[in-house]
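> could you look at this predicted model? Sequence included:
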Amino acid sequence: MEKCAEKFLITRASIVEEALQRGLINDQRHNLLLHFFEIQTIDPNLSPTVSEGSKYLGNILRKLDKFTKQGDLETSLEHVMIIVQSKEFNKLSDNYKYSQISTSKAVSQKRDFTHFISLPLNIQGLIDPYESWMNDILLQKYPSIQKRSFTSSSMLHLTILMLPLESPDQLQNAIIAFKSVENTIKEIKRKLSLKMQDPHLAFHSLQFMGKPSKARVVYYDLDVESPWYEALKDAIDILIRAMLKFDVLQESELSHIFFNEETGRYENEKLHVTLMNSTFTKSKGIDLVPIIEDGLMEEAYWDPITVGRIDISTRFKYGDDGFYMPAYSFYF
């Protein structure tokens with residue numbers, strides 16, 4: 001039963017992702033839907049009216065699962081929108097405490113993201129197998145695959161947190177916030193290093209968002225069983241809290257971040273390394289069917305790698321190595 005539930009969660013998530021890409025929902029609704037699907041429980045403090053409404057949502061969920069199992073994307077999207085537009089869902093939304101949908105500190109005008117905290121992965125141990133996999137695909141000359149569909153090997157990274165730093169003072173404030181928790185992050189690393197080797201990331205498998213015939217993103221996800229995975233999530237939570245404490249950004253500006261009440265941490269929706277993206281070529285999707293049929297999605301394998309540093313990276317500006325220009329770097 002657990003595996004079945006996990007399958008539904010992944011399928012529901014891909015439908016929600018599709019709704020976001022099509023502009024049917026905003027980031028707030030996107031995050032709330034993901035966690036509503038994951039939790040599927042009703043807060044005992046909800047009013048009787050809302051509890052009764054949950055039965056209605058339960059019926060819609062069962063229909064949604066039916067259509068996702070059948071691979072019916074359009075009908076599944078229709079049922080997601082029925083959920084979003086229902087009065088019952090809007091009532092429930094007020095009872096879930098996720099930072100992404102917090103309005104207590106809502107900004108009057110959305111600020112542009114100029115920087116982001118990143119984990120650079122442009123190291124030879126990843127570049128070599130990545131470029132080998134990319135070249136194997138390009139040699140097949142699939143009609144829908146272009147070299148521009150791939151992330152440049154010099155720009156491989158994990159995105160931790162997007163930052164809206166519109167002035168030098170705001171950037172300096174972000175650096176101060178980062179420095180304030182460096183010793184805490186080092187202590188996490190030190191304690192785990194007493195039991196294990198240097199901090200490393202372990203990778204799991206290639207995944208994609210969207211349909212095989214129309215994928216938006218191809219990515220490598222992380223091995224969640226690795227002890228260092230939990231340590232990384234602890235460090236990310238510490239960094240996010242520091243940025244909030246120093247007013248670098250507000251909770252309403254957290255992008256693809258939610259507060260996990262079970263772990264008591266701010267967490268990324270999905271830590272992953274983007275390898276291909278349909279937006280790079282302004283296409284509506286990447287046809288992965290021939291790649292999957294030829295077994296090339298299974299060929300990609302990355303060994304665990306040592307984590308070197310965390311950057312405050314500058315968007316759209318690049319260094320001599322081709323990676324995003326660092327405004328600040330913290331070395332392990």
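Here it is on my side, so go on.
> going by C-alpha atoms from here, please, whenever you check contacts or count neighbours.
Will do.
> and the helices in the stretch 201-332 of the chain?
Ranges of helices in the stretch 201-332 of the chain, per DSSP state H, counting those that start in this stretch, are 227-245, 289-293, 296-299.
> just say which of those helices is most tucked in.
Mean neighbours per residue, mean count of other Cα atoms under 10 Å, is largest over the helices of the stretch 201-332 of the chain for helix 227-245, with a mean of 18.
> so for that helix, mean pLDDT?
Taken as a whole, helix 227-245 has a mean pLDDT of 94.
> can you check stretch 192-199 too?
68.
> for the residue lying closest to His79 once chain neighbours are set aside, grab phi and psi.
Setting aside the residues directly before and after it, His79 is nearest to Leu64 in space (Cα to Cα, 6 or more residues apart in numbering), at 5.9 Å. Per-residue torsions, Leu64: phi -60, psi -50 (degrees, to the nearest 10).
> what's the per-residue pLDDT of Leu64 here?
Taking Leu64 on its own, its pLDDT is 79.
> how far away is the residue minimising distance to the centre of the chain from Arg12?
Nearest to the mean C-alpha position of the chain, counting by Cα atoms, centre = their mean, stands Lys270 at 3.2 Å. Lys270 sits 15 Å away from Arg12, going by Cα to Cα, to the nearest Å.
> among the helices and strands of this protein, which has the poorest mean pLDDT?
For the chain, the helix or strand with the lowest mean confidence is helix 2-21, at a mean of 58 (criterion: mean pLDDT, DSSP states H and E).
> tell me where the chain has strands.
Per DSSP state E, the chain carries strands over the ranges 115-120, 157-163, 200-201, 203-211, 214-222, 257-260, 265-268, 272-277, 305-306, 309-318, 324-331.
> hang on, the earlier thing: can I get the helices of the stretch 201-332 of the chain in TSV including distance to Tyr219?
What follows is these, written out as TSV (distance: least, Cα to Cα, whole Å):
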stretch	distance to Tyr219
helix 227-245	17
helix 289-293	14
helix 296-299	11
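> Leu77 is nearest to which of those?
Minimum separation from Leu77 across those (Cα to Cα) falls at helix 289-293, 22.1 Å.
> now what about the closest one, what contacts it?
With Cα atoms under 8 Å, 6 or more residues apart in numbering as the test, helix 289-293 has contacts from Ile137, Tyr142, Pro212, Ser213, Met297, Glu298.
> may I have the phi/psi pair for the residue nearest to the centre of the chain?
phi -160, psi 110.
> on the pLDDT front, check it for me.
In this model, Lys270 carries a pLDDT of 88.
> sorry, back to before: just put the strands of the chain in JSON lines and tack on distance to Met81 and mean neighbour count.
Below are the strands of the chain laid out as JSON lines (distance: least, Cα to Cα, whole Å; neighbours: other Cα atoms under 10 Å):
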{"stretch": "strand 115-120", "distance to Met81": "31", "mean neighbour count": "22"}
{"stretch": "strand 157-163", "distance to Met81": "28", "mean neighbour count": "22"}
{"stretch": "strand 200-201", "distance to Met81": "37", "mean neighbour count": "19"}
{"stretch": "strand 203-211", "distance to Met81": "17", "mean neighbour count": "19"}
{"stretch": "strand 214-222", "distance to Met81": "20", "mean neighbour count": "20"}
{"stretch": "strand 257-260", "distance to Met81": "21", "mean neighbour count": "19"}
{"stretch": "strand 265-268", "distance to Met81": "24", "mean neighbour count": "20"}
{"stretch": "strand 272-277", "distance to Met81": "25", "mean neighbour count": "21"}
{"stretch": "strand 305-306", "distance to Met81": "41", "mean neighbour count": "16"}
{"stretch": "strand 309-318", "distance to Met81": "33", "mean neighbour count": "18"}
{"stretch": "strand 324-331", "distance to Met81": "37", "mean neighbour count": "17"}
